[in-house]
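Enquirer: with the sequence up front, the predicted model follows.
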Amino acid sequence: MNNLSNFDLCLLLQCFQEECSEAIKEASKCVRFGAKNKWKKYKTPGERLAKEICDVEAYITMVKDVMRSNPKIFGKKTRKIINEERADRIDAKYLKFESMKTYTINSKSPLSSKKLKHK
């Protein structure tokens, strides 16, 4: 994806935004209705969320490839951030998540209360 036109880049970013919003919607349904609750013939919210996460991951890969190969558009530091800071940022998000749980008002949820596992 080296030679993307401006139109192609905008389309890629818009598709990425759309997939992110679909994942957000399905995550909301997991909280609202429970991840395993089935309604009529439709898949469970958890199953739909899993599908949307896969779609988001696909677009993340595509956008990262474009960012790495187009430093004139995204700046030279983006390649370093993507290649070298990813693991640190993931660890930082896990720590932030753990600290946010202390301040959460509603601890009751239809989701399981099992602890998350970090690889």
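Expert: Cool, the structure landed.

Enquirer: per-residue confidence at Lys108?
Expert: Per-residue confidence at Lys108 stands at 57 (pLDDT).

Enquirer: which stretches in the protein count as helices?
Expert: For the chain, applying DSSP state H gives helices covering 6-33, 45-69, 71-74, 77-84, 86-101.

Enquirer: contacting residues for Lys40?
Expert: With Cβ atoms under 8 Å, 6 or more residues apart in numbering as the criterion, no residue contacts Lys40. For the C-beta atoms, the positions are set from N, CA and C on the backbone; glycine is no exception.

Enquirer: poorly predicted segments of this structure, please.
Expert: Applying pLDDT under 70 to the chain picks out residues 1-2, 104-119.

Enquirer: okay, which residue of this protein is out on the far edge from center?
Expert: The C-alpha centroid of the chain is most remote from Lys40, which lies 27.5 Å away (Cα atoms, centre = their mean).

Enquirer: neighbours around Lys36, how many?
Expert: If you count neighbours by other Cβ atoms under 10 Å, Lys36 ends up with 13.

Enquirer: I meant to write Glu84 there.
Expert: 9.

Enquirer: Asn6 too?
Expert: Burial of Asn6 is recorded as 8 neighbouring residues (other Cβ under 10 Å).
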